[in-house]
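Undergrad: I need the structure of the sequence given here:
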Amino acid sequence: SPIMVPREFANGESAMTDLQIGGMWLTVNRRCNFFCPWCYAKRPSNYPLDDMSPLLSEKLIDLAAQIGVFSVTLLGGEPTLWPHLIPTISKIDQMGMTPTLVTNGYRFKDPKFVDRIVDSPLAAISLSLKAGNIKQQIELTKTDSLQQVCEGMRNLVSRGTLFDVCITIVAPILANLEDL
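TA: So this is what the prediction gives:
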């Protein structure tokens with residue numbers, strides 16, 4: 001059932017109306033395979049203690065559906081490291097909401113993982129690109145991973161999967177924007 005909230009109109013009148021929430025972010029973990037200095041979720045990829053439990057994710061997804069959320073964006077850390085990603089994508093879809101994903105794209109280098117993602121009901125992928133060249137990638141993420149991220153993008157394209165590319169502009173990238 002919808003949640004009713006008071007709303008004031010421009011003419012000074014007020015009324016109770018349905019609460020409309022377009023989207024929800026679900027931070028499923030704090031671990032990541034990159035080590036970006038600006039990130040709020042700085043945990044190594046082998047640090048599962050901050051992983052959201054499947055039970056909690058199900059409860060939050062149920063709550064989101066009850067209050068009329070339209071889409072749920074899964075993020076982390078790096079959500080592709082979370083072992084419950086695919087079932088959670090399916091649960092979001094089954095509840096009538098649109099599942100989306102924000103990722104660094106590294107795991108898409110694995111064609112089998114790409115197959116699992118593409119075969120799921122995931123509606124959108126936002127790939128967070130960290131650098132425009134290998135030197136920047138190493139400097140900014142402490143990993144030599146740009147070639148694998150690019151391979152992952154090629155794997156998505158080869159499967160006909162559309163995705164957005166997002167870039168966090170930090171000082172070292174500003175000096176080399178043409179590399180992007």
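Undergrad: Where does pLDDT dip in the chain?
TA: The model of the chain has pLDDT under 70 over residues 1-5, 16-19, 42-49, 177, 179-180.
Undergrad: Would you map the helices across it?
TA: 54-66, 85-94, 111-119, 134-141, 146-158, 171-174 (DSSP state H).
Undergrad: quick one: the fourth one to helix 146-158, angle?
TA: Using axes from the mean of the first three to the mean of the last three C-alpha atoms, to 10 degrees, the interaxial angle of helix 134-141 with respect to helix 146-158 works out to 100 degrees.
Undergrad: returning to that earlier point: of the helices of the chain, which stretch is the most buried?
TA: helix 85-94 (a mean of 19; mean count of other C-beta atoms under 10 Å). For glycine as for every other residue, the C-beta is placed from the backbone atoms N, C-alpha and C.
Undergrad: ok, residue 157 to residue 133 distance?
TA: According to C-beta to C-beta, to the nearest Å, residue 157 and residue 133 sit 20 Å apart.
Undergrad: cool, and residue 89?
TA: From residue 89 to residue 133 the distance is 32 Å (C-beta to C-beta).
Undergrad: check contacts around the spatially most central residue of the chain.
TA: Most central in the chain under C-alpha atoms, centre = their mean is residue 102, positioned 2.1 Å from the mean C-alpha point. Contact partners of residue 102, counting by C-beta atoms under 8 Å, 6 or more residues apart in numbering, are 73, 74, 75, 79, 126, 128, 166.
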